[in-house]
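Visitor: With the input below, show me the fold.
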Amino acid sequence: MGRAPYACDPAQSRGRLHQPADHGTRGPRDNFQRDRDRIIHSIAFRRLRDKTQVFIAPDGDHYRVRLTHSLEVAQIARTVARALHLNEDLTEALALAHDIGHPPFGHAGEDALITAMQRFGGWDHNAHTLRTLTLLESPYPHFCGLNLSWEMLEGLAKHNGPVTNPPWALASYNAQHDLRLTSYASLEAQVAALADDIAYDNHDIDDGLRSGLLAFDALLDVPFIAASWANVQARLPGIAHQAQVRELIRDMIGQMVNNLVATSAANITAAAPRSVDDVRGYGRPLIGFSADMAEHERAVKAMLYAKLYRSPPVKKLQTQARHVVSALFDLYHSAPQHLPDDWRGRLPETEPDRARHISDFIAGMTDRYALARFAEHIGPPSLSGGF
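Guide: Residues are numbered from 1 along each chain as shown. Presented below is the predicted three-dimensional model:
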């Protein structure tokens, strides 16, 4: 079976803000394949290899970072898209790009920028993804940004559903390229959002156990995990505990993916959309878990927050990381001569553009680069370097 009529069709794309010249040298790719490739070849995507997922400046080579997380989300998202007969290329591109707006040090860095930018209109990592891809990442000679398709930008803008009160960065772009923010996004974008949840729920369990910060017994307080573990033990008795744990992670991903596909397929059948515009105007998401699985997923997430993300060692490092980002913002805002030449040369004269320019610079930093600039201008960072 080919692509469904309610899937995004690259031949029917609403196009790009700038009409590119076709030199006939860029290969036989459609609009969404070009979007995916532009993301993969971007500097902003490469920087994700040194940006925190959960563990700041990890000592071990085996922990996830934003780049590996994005690849894992893309794999899950593409599998679901294929099962539902959606556009796999657009789904993959959205999954690969969804975290590009994150600053160094994960949510700790984000909290620091939100606080620093309160006087200047605020800061939002999802809106900053759009700002990065439409303005800051500029490899082309005649326009700023990657000039992605309307469907790609729409999906990123509505990562968490319709947007009724867009942050300034998103509102600024939307004023010149209307993304219809108050409607729902395509099914491809909805799939990418749920694939993100599946990936980080299960892979953060894996990394948490590997680090020693998450006790295995804490997992068994979650009924969904306990039942999955009992099934693994019954199916694979007598093998090493670590091998059973790896099988547990795979099983839980599989259960979530299978449930997402089955529930979403039933939702689509009941709604009977005939086009992607029917999907956008339906009034609620069509991609989702069953009620039981949604409750299981919330319980897994609650356990991770209680036992891992808010654990004392993680909170200590997050406090130190927030200080690094806050101090760098204060430094560049009060003494912009410390900015690199190219950033200093483009520094606006007035606020809030001046502060927003500085936040753009900091948000693009990797963990390593932020620590190096802190050490260069302020002093040795107290960040302990991981776990």
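Visitor: When you work out contacts or count neighbours from here on, use the C-alpha atoms and nothing else.
Guide: Fine.
Visitor: Distance check, G345 against A218.
Guide: Distance, G345 to A218, using CA to CA, to the nearest Å: 52 Å.
Visitor: Those two: which has the busier surroundings?
Guide: Using other CA atoms under 10 Å, the more surrounded residue of G345 and A218 is A218, with 14 against 10.
Visitor: Could you list the buried residues of the helix or strand hosting the more buried one?
Guide: Here A218 is covered by helix 216-219, with elements defined by DSSP states H and E. Residues L219 are the ones in helix 216-219 that count as buried (16 or more other CA atoms under 10 Å).
Visitor: immediately after that helix, which helix or strand?
Guide: Following the chain from helix 216-219 toward its C-terminal end, the next helix or strand by DSSP H and E is helix 223-235.
Visitor: What lies in contact with that next one?
Guide: L219, L220, Q244, E247, L248, D251, M252, H296, V300 (CA atoms under 8 Å, 6 or more residues apart in numbering).
Visitor: Against L331, how distant is the residue lying farthest from the centre of the chain?
Guide: For the chain, the C-alpha farthest from the mean C-alpha position belongs to G238; by CA atoms, centre = their mean, that distance is 38.4 Å. Distance, G238 to L331, using CA to CA: 58 Å.
Visitor: hmm, back to that, compile the contacts of helix 223-235 into a markdown table and extend it with columns for secondary structure.
Guide: Converted to a markdown table, the contacts of helix 223-235 look like this (DSSP: H, G, I helix; E, B strand; the rest coil):
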| residue | secondary structure |
| --- | --- |
| L219 | helix |
| L220 | coil |
| Q244 | helix |
| E247 | helix |
| L248 | helix |
| D251 | helix |
| M252 | helix |
| H296 | helix |
| V300 | helix |
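Visitor: Nearest to I100 among these?
Guide: Taking CA to CA as the measure, I100 sits nearest to V300 out of the contacts of helix 223-235, at 25.1 Å.
Visitor: need the helices for the stretch 201-350 of the chain, in chain order.
Guide: Assigned by DSSP state H, counting those that start in this stretch, the stretch 201-350 of the chain shows helices spanning 216-219, 223-235, 241-271, 276-280, 291-304, 312-334, 341-345.
Visitor: which one of these lies closest to R373?
Guide: For these, the distance to R373 is smallest for helix 312-334, at 7.9 Å, taking CA to CA.
Visitor: Give the buried residues for that closest one.
Guide: Using 16+ other CA under 10 Å as the test for burial, helix 312-334 gives 314, 317-318, 320-329, 331-333.
Visitor: Alpha carbons of that helix, as PDB, please.
Guide: Provided in PDB are the C-alpha atoms of helix 312-334 (Å, rounded to 0.1, in the frame of the first residue of the first chain):
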ATOM      1  CA  PRO A 312      20.500  15.100  44.300                       C
ATOM      2  CA  PRO A 313      23.500  14.400  42.000                       C
ATOM      3  CA  VAL A 314      21.600  15.500  38.900                       C
ATOM      4  CA  LYS A 315      20.100  18.600  40.600                       C
ATOM      5  CA  LYS A 316      23.600  19.600  41.900                       C
ATOM      6  CA  LEU A 317      25.000  19.500  38.400                       C
ATOM      7  CA  GLN A 318      22.000  21.300  37.000                       C
ATOM      8  CA  THR A 319      22.500  24.100  39.500                       C
ATOM      9  CA  GLN A 320      26.100  24.400  38.500                       C
ATOM     10  CA  ALA A 321      25.200  24.400  34.800                       C
ATOM     11  CA  ARG A 322      22.600  27.100  35.300                       C
ATOM     12  CA  HIS A 323      25.300  29.200  36.900                       C
ATOM     13  CA  VAL A 324      27.500  28.800  33.800                       C
ATOM     14  CA  VAL A 325      24.800  29.900  31.400                       C
ATOM     15  CA  SER A 326      23.600  32.700  33.600                       C
ATOM     16  CA  ALA A 327      27.100  34.000  34.100                       C
ATOM     17  CA  LEU A 328      27.900  33.900  30.400                       C
ATOM     18  CA  PHE A 329      24.800  35.800  29.600                       C
ATOM     19  CA  ASP A 330      25.600  38.500  32.200                       C
ATOM     20  CA  LEU A 331      29.200  38.700  30.900                       C
ATOM     21  CA  TYR A 332      28.300  39.200  27.200                       C
ATOM     22  CA  HIS A 333      25.500  41.500  28.000                       C
ATOM     23  CA  SER A 334      27.500  43.800  30.200                       C
END
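Visitor: how about the helices of the stretch 201-350 of the chain, which one is nearest A7?
Guide: Evaluated with CA to CA, the helices of the stretch 201-350 of the chain place helix 276-280 nearest to A7, the distance being 5.9 Å.
Visitor: tell me the mean pLDDT for the closest one?
Guide: Summarised as a single mean, pLDDT over helix 276-280 is 97.
Visitor: Pull out the buried positions in that helix.
Guide: Under the neighbour-count criterion of 16+ other CA under 10 Å, helix 276-280 has V276, D277, V279, R280 buried.
Visitor: Pipe the residues you listed into CSV and attach distance to A199 per row.
Guide: CSV is the format used below for those (distance: CA to CA, whole Å):
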residue, distance to A199
V276, 26
D277, 28
V279, 25
R280, 25
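Visitor: and which of these is nearest P28?
Guide: The nearest member of the buried residues of helix 276-280 to P28, counting by CA to CA, is V276 at 24.6 Å.
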